[in-house]
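In: Sequence and predicted structure, then a few things I'm wondering about:
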Amino acid sequence: MMVGSSNQPPPPMNSVAVISPQFCVGYPVDLTISRKLMTLQDGTFGVTDINGNIMFQIKGKLFSIHDRRVLLDAAGNPIITFQQKLITAHRRWQAFRGDSTDSKNLIFSARKSSLLQFKTKLDVFLASNTREDICDFRIEGSWLERSCLIYAGNTNNIVAQMHKKHSAQSILLGKDTFGVTVYPNVDYAFIVALVVILEEINEDRKGED
């Protein structure tokens, strides 16, 4: 399934604020996510808007027992800290508010929906969903093609889509660059966090699945 960047988002839906309502706006948000962005020190990822302004940075914490990443806003303030949970069969990542890793500050977790996968599929559970019978969000598509859709729960309601971006500059700088379109009234910081976790699960093959 290929996802084209020309797809038109649906009319605004009810606000989906997972991290904060400040990241929800009434129009589509187009973001560019670049891995190994040359202009950022220590940055694993840089996230820019359509005008090239830095919206977020994602930094890694080296020498940590857990694989740990921190999502920072443009001013360098930590919004989310996420880390891989140890000893888990489905490569579960947990996301916490700010720079905390305390369970009381858990916002959501994401994991592969099955151990053996030929296509990308992740289930996302909000902290309040302790039973985890039904996921709150899910990601499906092809990570290899950077072509994935993010849905609300088990519905067909799309909240965001990602697509590969090809440019001479990206090739020249050796960057892995892809675009994300966040639909109206959907928390775009949350979507960025999901994409980073998706990248970590798919790219980091050193640990046990």
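Out: Thanks, I have it. Numbers count the residues shown, from 1 in each chain.
In: use CA for all of it now, contacts and neighbours both
Out: Fine.
In: got the contact list for stretch 147-165?
Out: 1-5, 120, 134-142, 145-146, 177-183, 186, 191 (CA atoms under 8 Å, 6 or more residues apart in numbering).
In: same thing but at 6 Å, please
Out: The contact list for stretch 147-165 (CA atoms under 6 Å, 6 or more residues apart in numbering) reads 2-3, 135-142, 146, 177-183.
In: which of those residues are buried?
Out: Neighbour counting by 16 or more other CA atoms under 10 Å classes 3, 135-142, 146, 177-183 among the contacts of stretch 147-165 as buried.
In: Which ones among the contacts of stretch 147-165 lie within strands?
Out: Taking DSSP state E as the definition of strands, the contacts of stretch 147-165 contribute 137-142, 177-182.
In: Export those residues as a markdown table, with columns for pLDDT and distance to residue 195.
Out: Below are the ones in strands among the contacts of stretch 147-165 laid out as a markdown table (pLDDT from 0 to 100; distance: CA to CA, whole Å):
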| residue | pLDDT | distance to residue 195 |
| --- | --- | --- |
| 137 | 96 | 13 |
| 138 | 94 | 12 |
| 139 | 93 | 9 |
| 140 | 91 | 12 |
| 141 | 87 | 12 |
| 142 | 82 | 13 |
| 177 | 81 | 12 |
| 178 | 84 | 10 |
| 179 | 90 | 10 |
| 180 | 94 | 9 |
| 181 | 95 | 11 |
| 182 | 96 | 11 |
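In: Arrange the residues you listed in TSV, one row each, with distance to residue 81 as further columns.
Out: Listed next are the ones in strands among the contacts of stretch 147-165 as TSV, based on distance: CA to CA, whole Å:
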residue	distance to residue 81
137	19
138	20
139	20
140	23
141	25
142	26
177	22
178	22
179	22
180	21
181	23
182	21
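In: Before I go, just wanted to say thanks for your time.
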